[in-house]
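*Asks:* model this:
(2 chains)
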Number of protein chains: 2
Amino acid sequence: MMRRGDQLLLGFLFCLFLSLAFAEGGKIRHYRWEVKYEYKSPDCYKKLVISINGRTPGPTIEAEQNDTVVVELKNSLLTENVAIHWHGIRQIGTPWFDGTEGVTQCPILPGDTFVYKFVVDRPGTYLYHAHYGMPREAGLYGLIRVALPPGVSEPFSYDYDRSIILNDWYHKSTYEQATGLSSIPFGWVGEPQSLLIHGKGSFNCSTPGIQSGLCNATNPECSPYVLTVVPGKTYRLRIASLTALSALSFQIEGHNMTVVETDGHYVEPFVVKNLFIYSGETYSVLITADQDPSRNYWAVTNVVSRNSTTPNGLAIFNYYPNHPKRSPPTVPPAGPVWNDVDSRLAQSLAIRARQGYIHPPPQTSDRVIVMLNTQNRINGHVRWSVNNVSFNLPHTPYLIALKHKLGHVFDQTPPPDGYDFVNYDIFIQQPNVNATFSNSIYRLAFNSTVDIILQNANTMNPNNSETHPWHLHGHDFWVMGHGEGKFDMYSDPQKYNLVDPIMKNTVAVQPYGWTAMRFRADNPGVWAFHCHIESHFYMGMGVVFEEGIDKVGELPTSIMGCGDTRGGTFHKP
Amino acid sequence: MMRRGDQLLLGFLFCLFLSLAFAEGGKIRHYRWEVKYEYKSPDCYKKLVISINGRTPGPTIEAEQNDTVVVELKNSLLTENVAIHWHGIRQIGTPWFDGTEGVTQCPILPGDTFVYKFVVDRPGTYLYHAHYGMPREAGLYGLIRVALPPGVSEPFSYDYDRSIILNDWYHKSTYEQATGLSSIPFGWVGEPQSLLIHGKGSFNCSTPGIQSGLCNATNPECSPYVLTVVPGKTYRLRIASLTALSALSFQIEGHNMTVVETDGHYVEPFVVKNLFIYSGETYSVLITADQDPSRNYWAVTNVVSRNSTTPNGLAIFNYYPNHPKRSPPTVPPAGPVWNDVDSRLAQSLAIRARQGYIHPPPQTSDRVIVMLNTQNRINGHVRWSVNNVSFNLPHTPYLIALKHKLGHVFDQTPPPDGYDFVNYDIFIQQPNVNATFSNSIYRLAFNSTVDIILQNANTMNPNNSETHPWHLHGHDFWVMGHGEGKFDMYSDPQKYNLVDPIMKNTVAVQPYGWTAMRFRADNPGVWAFHCHIESHFYMGMGVVFEEGIDKVGELPTSIMGCGDTRGGTFHKP
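*Replies:* Sure thing, here's the model as predicted:
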């Protein structure tokens, strides 16, 4: 028989266990990462990359729903700061760990170790990447895979789970690129030199004008990525894109793909030959290895929506037991033509929430913000703007400024909720002479429902409109509709999908088109919403939302240290 | 007759004037600088440089003795921090504005404006440059010229005052260089691609393997620097070196130079055909335009002390009214051979304080620190060490750590005051297997007199010893002696120059040689002392001195914000 003391102890330990389990909501997944420069040749061309623990892409974070992920990030760069965004993780209750420099935190200084700690509350496929300046392009990115808890299963079946990240790759440093973008005259970054499939690409080392000794086609670092499959088995392939510029198509020669998940939400399955994927998006597709098993097949990614000079990216879809490096006997499929907007729009429209997993959207919204996306010239600089406001970041992060009422650190005038949609012609070059720089933000009523209409338009070049994948931090939104031409405020909302809209965190707006999204402003914090093309955000294509700042808990001091929070005190103006 | 009120007012204003004059000790020289990236072609090869107000070298600071220099430095880099050191300015009473990241301040973050404010208490020629990581090499450097007050004249006469900075120039970025230096296997930075005379050099654009489109020999940015002189006139030419690696010789074809000043101290004049100058040194020489005025002459700088592949740097010494771009009719003089150590040592020994301007040195010292300079391998890394300790910086600057008694942020064990000088053979490769990394520092008794003996030795390569210019922050030191071979603790001090040693802030130690220096530890603060070769300091060739920390005034909060002073609080361990 148990003694009373033992019983008390056991009871205490049980309570402790329950409290811990409740407090943390799952297991702790602890990562220690060191960020530093290394020379790598991901596409055979040797250049400086930013690696995590020596790798680019960085390690994949593997967790289960409701686990707590802890990343101790040591910045071992020489003189550069860093911050990492956990793309798709809503950071409920931890808005300070969203990793968005200038919005939710100060940058992490060289030599410093910053601890990110957040709960991954939903299963699915997510991303992480640098969110300070443009160093995502230098290789600082990776995947987050959140599994269902034991005993819960997906509404689709597969034998194996695999993942790849697609990326485009520049040989110039991010500094060189950014300097060109902010110069007068403007220096455009140009098309990427190659496309990477899970960190491996193949630049043509015989390209004229390449500095000798830097490119080596036989470097094993740039041997094609190999996805090995067992004949007859079905694979869940998680496909993510973190391109700097390019919209992509991805396909596997001779194999159909069934789309089943995007951005952490189940999709009503549909079959595609090629998947269009935009920067910041993730998809899960099911692929069955049901073709002739005596050979390998090409996996191909190609640029769409830009008339790009970037060669297609290739990987090998390897049927076991063929040699993984054996080239397929065929010419790689070319992929869809770059300017076929209709096919891309058709895929966007095909993505709907899976039956049985629908989160019904609010049937009405409390506020509608129409965001005209334009390219402008401001004080001689080429910029992107939303309603003629070109965004720039303040030096004191918004989250700290708003929580500590440092109103002077950013422009308090709200940006406009719309544009002159009656008179503005989206199909012609517009001078937009009244465009301005601003760091003003949208303040949303807590728990209100907000509609955002992203309206695309002509750029500063004739007969040109581009594709913009917009990413929202801290939320998923319902994709209410996509359309071509100018959004009609009166008739188009009638066509919204109020039944089974997919929820996403990133969505594309097509050339001369519009995309409508709805979300609940129910996550106390300050959240960026921006085009996920690295150079577009750098050139001002973004906004910031605040909601429920009074409900945000005490901020950790670790996020401070810049602007008005530098040097131990809050400086008043 | 004056009313009493007016008298009072006048008296008050006069007192105010006196107080201001006393408080500031001269005029205020106010500078507003913006540091940012730009594309420039200083040697015809286009690369990213760091500019100040669009220029590299940056603007020359012009002041008079006892003026207060105020530099509002705005960091407009994208993600990189910065700090600027005022090289040769002792910062008496303002040790926190020495600009040495990790020693006297935290780095300045992008978007931040940092205000440096210090008194230039002595006339002479000084420098400024980045002192964080290695970005001095990217172009962030310039001159400080401090004139005598009106009515006071130099002990030599001249008609015009001119200045130039010499530099060596790499085409790789500082990140690429630093990554190589800290990699296993080690990647050496190599010899610079060109030598710059006041920011202008001439790389051979026909060099094989150069990426096309980056090099343009006709770019006006790389037209040779022109120094125009009026026949018969005498010029004071201030010559400074901020090379990353190279020791230099500088000469003007057919013209002698009379050395009259170095590092802000008058030199007993001596005549040279060519001037040897090491990184971190400044000289004033007098040159009379007394040659055939119908033609121009070459000014030439060439690398010494390394068997370098870097071509000589050329400028035009232009006799007015010849066209400034007219090439001299002669082949540029070749300059001295690289391995003539004797000539260089002879110049060092020729430099003595000018009669009438001698600061007599203390005849004895309270402490002698012998510093053996070696190259080592530590944990697979190639490093430089002092007495087998390879220096690295802590993340909380020493000045803040010592003043606020944060003893845990760096190693409290003092580094060794000497080495085994009886048994250590400086002429052979030594394994130095017990070498370590450390951030420990030398703590000096306040107002004590300290002797430093810099002892050179063989590197890790056979029959190789290099030249190291050592720079002391916060002080001038007396150069007590130079010698070849191993310093003899018993006999060599007998040969010290106790009569008229020059005072300097930077001095070279020659291959397999030694240099003895003496200084008074009379400037409360924390001061770096290091090899001024950028890559050598980065690889650990430096130490830090503390003196009179209890006499240091209240630290400005602007220098804080990193390590233990990040985010608003001092973190205790």
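*Asks:* Please read off the pLDDT at A:Cys531 from the model.
*Replies:* Note for A:Cys531: predicted pLDDT of 98.
*Asks:* ok, it - how many residues close by?
*Replies:* Neighbourhood size, A:Cys531 [other C-beta atoms under 10 Å in any protein chain shown]: 27. Glycine gets a C-beta too; all of them are placed from N, C-alpha and C.
*Asks:* didn't it look like it was pressed against A:Phe537?
*Replies:* Yes. Assessed by C-beta atoms under 8 Å, A:Cys531 is found in contact with A:Phe537 at 5.6 Å.
*Asks:* Please, which helix or strand holds the spatially closest residue to A:Leu372 that is not a sequence neighbour?
*Replies:* Nearest non-adjacent residue to A:Leu372, counting by C-beta to C-beta, 6 or more residues apart in numbering or on different chains: A:Tyr419, 4.2 Å away. A:Tyr419 is located outside every helix and strand, with elements delineated by DSSP states H and E.
*Asks:* show me the contacts for A:Tyr419.
*Replies:* A:370, A:372, A:387-388, A:455 (C-beta atoms under 8 Å, 6 or more residues apart in numbering or on different chains).
*Asks:* Nearest to B:Tyr225 among those residues?
*Replies:* Comparing the contacts of A:Tyr419 against B:Tyr225 with C-beta to C-beta places A:Asn388 closest, at 46.1 Å.
*Asks:* The closest one and A:Ala435 touch, don't they?
*Replies:* Yes. The criterion here is C-beta under 8 Å, and A:Asn388 meets it with A:Ala435 at 4.2 Å.
*Asks:* overlap in contacts of those two?
*Replies:* Common contacts of A:Asn388 and A:Ala435 (C-beta under 8 Å, 6+ apart): A:374, A:376.
*Asks:* And A:Tyr419, how close does it get to chain B?
*Replies:* 30 Å (C-beta to the nearest C-beta, to the nearest Å).
*Asks:* how far away is that residue from A:Leu454?
*Replies:* To A:Leu454, A:Tyr419 is 12 Å away according to C-beta to C-beta, to the nearest Å.
*Asks:* Show me the shaky parts of chain A.
*Replies:* Low-confidence segments of chain A, defined by pLDDT under 70, span residues A:1-25, A:135, A:567-573.
*Asks:* Kindly state the domain boundaries assigned to chain A.
*Replies:* A:18-147, A:160-350, A:367-568 (automatic domain parsing).
*Asks:* so who does A:Leu181 touch?
*Replies:* When contacts are counted by C-beta under 8 Å, 6+ apart, A:Leu181 touches A:187-189, A:382, A:535, A:538-539.
*Asks:* what bridges to A:Val300?
*Replies:* On the basis of DSSP bridges, A:Val300 is bridged to A:Gln251, A:Leu314.
*Asks:* okay but it is in contact with A:Pro311, surely?
*Replies:* No. Look at A:Val300 against A:Pro311 with C-beta under 8 Å: they stay out of range, at 10.6 Å.
*Asks:* more neighbours, these two?
*Replies:* A:Val300 (22 against 17).
*Asks:* Tell me the spacing between whichever residue of the stretch 351-500 of chain A sits closest to chain B and A:His408.
*Replies:* Relative to chain B, the nearest point of the stretch 351-500 of chain A is A:His395 (3.8 Å; C-beta to the nearest C-beta). According to C-beta to C-beta, A:His395 stands 12 Å off from A:His408.
*Asks:* ok, those two, which is more surrounded?
*Replies:* Set A:His395 next to A:His408 and count neighbours by other C-beta under 10 Å: A:His395 wins out with 21 against 14.
*Asks:* which residues does the more buried one contact?
*Replies:* Contact analysis of A:His395 by C-beta under 8 Å, 6+ apart lists A:102, A:409, A:562-564, B:109, B:111-112.
*Asks:* go on, A:Asn376?
*Replies:* A:Asn376 touches A:382-385, A:388, A:390, A:432, A:435, A:460, counting by C-beta under 8 Å, 6+ apart.
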